[in-house]
Structure formats: structure tokens, C-alpha cells
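> Just the structure for this:
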Amino acid sequence: MNTRERFLEVLAGNPDVRSLKWEFGYWGETVDNWYAAGLPRVHYPELQRSVTTPTSSLYLPAWRSVGAGALPKGIAVLAGGLYWPTQAFPLDHDVRRHFGMDACQQVVDVNLLFDPLFEIKVGNEDAEVFDYVDIDGVQRRFLKEHGTIPFAMKWPIEDRASWERLKEERLNLKNIRTRFPADWEAQVRAYKDRDYPLALGGYPHGFFGTLAHLIGYENLFTWYLTEPELIHDILNTFTDLWLAVYEEVLTRVSIDHWQIWEDVSYGRGSMISPRIVREFILPYIRKIGAFLNAHGVRHILLDTDGNCYSLIPLFLEAGVTGMYPFEVHCGMDVARVRKLYPEMQILGGIPKSEIAQGKQRIDEILEVPEAVLRTGRYIPFGDHLIPPEVDFDNFTYYRNRLNRIIDRGGY
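Purely as a prediction, here's the structure:
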């Protein structure tokens, strides 16, 4: 059974099939620490060389500003639970090979934002700071020492006038084919012969996520109240665009699932009220979900960090079938989630930082995923990127132990 077949069987709840051996991902600093501690270095994570689309290439100028051949400390190295390609994050090979883990899921690399792309413009740069305008039109600052995702300083949608210009110049449906990468035909051939799960969507595409990405959180929170018609116009425009692109993809490629990126919750709960969710998110999920369901796409996975208990029933109501990564330090407990929602697909839910506490604590935290695995529809992994305080010895004990637990779940 290959990874794609396994993924579909697990999400469908087949009790005879073992779950997948994935992690959400690792910090770049974490991986470098593990190499220094003895992880065999065969295929160092590689940054992509050039921009293709916003789906795969956002933040690439920032990552490359630290110098050739080096990983920024806070970059993500992808390991299955988070799809590739996204955000110009490199793909792990050596950890997967060393621990016998499964192949990473992938997302179709197609432009779901602005066409034409914005020109990359570098502003101030020194040993500490890299300021630039990215291909999505967002002006960002990257702090080289920390090496995490650059933060926005200015957004392309500032008011209705700027939105109308973008809609006319970069969001029309005149030529959908220009949104596909130059090697699209080669990608189609590779997708047809794949042994990994393939999704549509992904970061930064969602009905809260995209707006926060292009407007800014504070502006978005205000506009929900002061500019609701503008918000709906933005959402309708992107929904129509995504439907047009997805229809083109589906004429050539079979798709396994839809990935929605929202990050709409924080440590204590949702950042927006149930009323806002019902008005500005759920109708659009339903619309695209119905289209994808009609084309045989049965699984809809939604990514939101933080405490999402209040959001789960709303998203399930709209047709979402699974969620992740269920951050434990924010109060999430996948055993409780399973009890409340027996048919829901659950991914993640292992407290990543607690792996650093040693064998006894690792044994304790793995009791929960071991129990949830017996209920099916569950892919266990760390509840976000494995941080650098998790050394290679503790990760080795944790990963081998989790692999044995997974192996007991079926063939």
C-alpha cells in the first residue's frame, strides 16, 4: 500500500490499515542540531531556486537572504503533515529515511492569488534586517537572526479603491492558463503516476486566512463591522477565481483532498465570533466544497492553530471533514475531540515541546494518541513544528516509540 492509498483509507476510517508516519515539520535549527548530533546527512533540505507561484514561493527572497546553502533558524522543513510545496519551505528527506516515515502529501502548485505577480522589490538590507515587497504585494520585514516567517508592514488591500484596482488588474478570469507554472504539463504527468496524497488549496488560501494575509488582522476585524459588503466582494471574487482554477485542474488531475488555511484561533479561542464565522466563512466553504464533492473530492482538511473547540462544530456543519494541528498547550486534547466528534478526521495533537522532557514524559504523552489511534481517522504527529529544544536522542526515542504504536494498528 503506498502513501496515497494509506491516506485515503485512514481518512475513510478503515480499521485494518495503520495510520501514517508523519510529522508536521521541523524548524531549520532543529534539523541542523540533529545533523550535528548524528543524523546521517545524505540530502540536506534545499531551498527552491526560483519563484513559480504564490502557493509555493512566498517568502523565498527572505529565506535566501541568509546566504546560500544555509537554513534560516526558524524556517519549516516539511515532513508530511504540512503539505509541500508551500511558503518556499524545503522538504525533509533524511529524517524520513532514517525513521522509515511516509512520503509527504503535496499541494497543486498553481497561482491562486494575483496574476500578474507583484515584482519583488528589495528595500533596506543589512546583517540583521531584510525589507522587501513579495510577489503577493505585501511589504515585509525579515529578521535574519531569528529566521522565522517575515512580518507584514504594509498590505496591498488598503481600502475599496485599492481593492477595485487589484480586482481589475490582477484578479480577472480572462486567461486562467497564465496561473499555471511553466512546467505544468510535466507536473500533470507526475501527478498521474503519484504515490502520495495530492490536495488543492493550501496556504495562504482560506476565507479568513487570505483576507488577514492581504488586509492585516486589525483592518479585517474592523472591516467585518464597517465594510461588510467589501468583505463579501473580496470573498466572492476569490471564490469564483478558485472555482475556475480548480475546474481547470480537475480536467487533468484527480485530487484527493482540499486544504483550507485559516489560522483563525489563538491560545484561548476563536479570534472572531460565531456570527462572523457563519456570515463570512461558512457559505464560501460550502460553495467550493459542493463543487469539489461533485468532482469526487471527499475530504476537506482545515488548518487552524490555537484553541479551536468553538470552531469545530461550525466547520463540520459547512462540510469540513478534518482539522489540525490541535495544539496541546492551547488546551486542545484529541481524546476529547474524538469523544465529541466520533467521525471527524484528526491530525496532530502531540505536544511538540514536551518531547524534550525525556523518555518518561514521552511515554506519558503518547498514551493519548495511542488511544485515539484505536478509534480510526487519526494521523498523529507533533502539534506544530518540532522546536530546537527537542534534541536528537529524545526525538529518536519518541519517533521510534510512536512508529511502533502506529504499526500495531494494522498493515
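> Who are the contact partners of residue 7?
20, 105, 197, 256 (Cβ atoms under 8 Å, 6 or more residues apart in numbering). Backbone N, C-alpha and C define where each C-beta goes, glycine included.
> confidence score at it?
Confidence at residue 7, expressed as pLDDT, is 98.
> Give the buried residues for the strand or helix carrying it.
Assigned by DSSP states H and E, residue 7 belongs to helix 3-12. Under the neighbour-count criterion of 16 or more other Cβ atoms under 10 Å, helix 3-12 has 3-4, 6-11 buried.
> My read is that residue 276 contacts residue 224, right?
Yes - using Cβ atoms under 8 Å, residue 276 is in contact with residue 224, at 5.5 Å.
> contacts for stretch 345-354?
11, 24, 81, 299, 301, 321-329, 332-334, 337-338, 361-362, 365-366, 368-369, 372, 377-387, 389-390, 402.
> With stretch 303-314 instead?
So stretch 303-314 is in contact with 203, 259-270, 274, 277-278, 281-282, 323-327, 330-332, 337, 340-341, 344, 384, going by Cβ under 8 Å, 6+ apart.
> just the buried members of these?
203, 259-265, 270, 277, 281-282, 323-327, 330, 332, 337, 341, 344, 384.
> Sort out for me which of those residues are in strands.
Among the buried ones among the contacts of stretch 303-314, the members falling in strands (DSSP state E) are 259-261, 265, 270, 323-325.
> if we take those residues, which one ends up nearest to residue 249?
Lowest distance from residue 249 to these (Cβ to Cβ) belongs to residue 259, with 13.4 Å.
> Show me what the closest one bridges to in the sheet.
residue 201, residue 301 (DSSP bridges).
> Nearest spatial neighbour of residue 88, chain-adjacent residues omitted?
Distances taken as Cβ to Cβ, 6 or more residues apart in numbering place residue 60 nearest to residue 88, at 3.9 Å, with adjacent residues excluded.
> So what's the residue count around that neighbour?
21 (other Cβ atoms under 10 Å).
> just use 546 as the starting number from now, easier for me
Happy to do that; since the first residue is 546 now, the last one works out to residue 605.
> Surely residue 698 touches residue 687?
No - applying Cβ under 8 Å, one finds residue 698 not in contact with residue 687, separated by 10.8 Å.
> and the closest residue in space to residue 872 that isn't next to it in sequence, how many neighbours?
Nearest residue to residue 872, sequence neighbours excluded (Cβ to Cβ, 6+ apart): residue 928, at 4.6 Å. By other Cβ under 10 Å, 26 other residues sit near residue 928.
> Quick check: residue 928 touching residue 876?
No - counting by Cβ under 8 Å, residue 928 stays clear of residue 876, with 11.4 Å between them.
> packing partners for the helix or strand harbouring residue 786?
Per DSSP H and E: residue 786 is located in helix 773-795. In this structure, helix 773-795 packs against helix 705-715, strand 743-746, helix 754-760, helix 762-771, helix 819-825, helix 827-839, with contacts taken as 3 or more Cβ pairs under 8 Å, 6 or more residues apart in numbering; DSSP states H and E.
> Centre of the chain to the second one, how far?
A distance of 10 Å separates the C-alpha centroid of strand 743-746 from that of its chain, computed with Cα atoms, centre = their mean, to the nearest Å.
> Can you list the neighbours in contact with that strand?
Here strand 743-746 has contacts from 549, 628, 650-653, 657, 736, 787, 791, 794, 798-806, 837, 842, 846, using Cβ under 8 Å, 6+ apart.
> about what we covered before: ok, which pair from the ones in strands among the buried ones among the contacts of stretch 848-859 is furthest apart?
804 and 815 (19.8 Å).
> what sits against residue 602?
Residue 602 neighbours (Cβ under 8 Å, 6+ apart): 593, 595-596, 630, 633, 680.
> phi, psi of the nearest residue to residue 596 once chain neighbours are set aside?
Of all residues not flanking residue 596 in the chain, residue 602 sits nearest, at 4.3 Å (Cβ to Cβ, 6+ apart). Reported as degrees, to the nearest 10, the phi and psi values for residue 602 are phi -120, psi 0.
> pLDDT value on residue 602, please?
97.
> which among the contacts of residue 602 end up buried?
593, 596, 630, 633, 680.
> confidence score at residue 699?
Predicted confidence (pLDDT) for residue 699: 98.
> Could you measure from the residue most central in space within the chain over to residue 686?
Nearest to the mean C-alpha position of the chain, counting by Cα atoms, centre = their mean, stands residue 627 at 4.9 Å. Distance of residue 627 to residue 686, computed by Cβ to Cβ, to the nearest Å: 24 Å.
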